[in-house]
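Engineer: show me how the following folds:
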Amino acid sequence: MSSQRDSHSELPLDPDTDDIEVVPRPLHLRPAAVGLVALGGAIGTGVRLVVSAAIPVEWGIPFGILVINVTGAFVLGLLLEVLVRRGDDTGVRRGIRLFVGTGVLGGYTTYSTFAVGAEGLLHTDLTASLVYGAVTVVVGGAASILGIAAGAAIMRRARA
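Structural biologist: Numbering: from 1, shown residues only. You can find the predicted model right below:
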């Protein structure tokens, strides 16, 4: 056997290790974040089922879906305004946003069911379909603006 030493054994395996910047995994690849959204989505979907069953379809118009989408838009606007005024989207705030905003409210609101309802009305009453669609979008947008305003007012009062 030779008594020579390998001159490379003292070199680092990767000479660029000092330059590596640790980048956190994106949220959609973190099991805890996905779990928060999934749990919230299951809850929101259950609440939507109860609310839509409690508010009957009248004249072929799914009023329950209208109420769900408008109230969901309001609450989402309020929630996000309060969270953004409280600080960065990290820690508990991020968890609340994922669970309540993306999960619960994402499962609760249903623009796909709204679209199916509007499409169904097209076959029986074109005017009702157009009015239902316009009212849902316009009132939903207004509700989100009102939610943002309510969130801002709540935060102003909390800081006063």
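Engineer: select the longest helix from this structure.
Structural biologist: In the chain, taking DSSP state H as the definition, the longest helix is helix 126-159.
Engineer: quick check: buried residues in it?
Structural biologist: 129, 132-133, 136, 140, 143-144, 147-148, 150-152, 155 (16 or more other C-beta atoms under 10 Å). No exception for glycine: its C-beta is placed from N, CA and C like everyone else's.
Engineer: can you tell me the element E21 falls in?
Structural biologist: Counting by DSSP states H and E, there is no helix or strand that carries E21.
Engineer: before we move on, the earlier item: could you dump the buried residues of helix 126-159 to CSV with pLDDT and distance to E81?
Structural biologist: CSV is the format used below for the buried residues of helix 126-159 (pLDDT from 0 to 100; distance: C-beta to C-beta, whole Å):
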residue, pLDDT, distance to E81
S129, 90, 33
Y132, 91, 28
G133, 91, 27
T136, 93, 22
G140, 96, 16
A143, 98, 13
S144, 97, 10
G147, 98, 7
I148, 97, 5
A150, 97, 8
G151, 97, 3
A152, 96, 6
M155, 93, 7
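Engineer: in a markdown table: those residues, plus distance to A115.
Structural biologist: Formatted as a markdown table, those follow (distance: C-beta to C-beta, whole Å):
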| residue | distance to A115 |
| --- | --- |
| S129 | 11 |
| Y132 | 11 |
| G133 | 8 |
| T136 | 10 |
| G140 | 13 |
| A143 | 18 |
| S144 | 18 |
| G147 | 22 |
| I148 | 25 |
| A150 | 28 |
| G151 | 28 |
| A152 | 31 |
| M155 | 34 |
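Engineer: just those residues now: which is nearest E58?
Structural biologist: Y132 (11.3 Å; C-beta to C-beta).
Engineer: any idea how far the closest one is from L126?
Structural biologist: From Y132 across to L126, the span is 11 Å (C-beta to C-beta, to the nearest Å).
Engineer: again, but for G87
Structural biologist: 48 Å.
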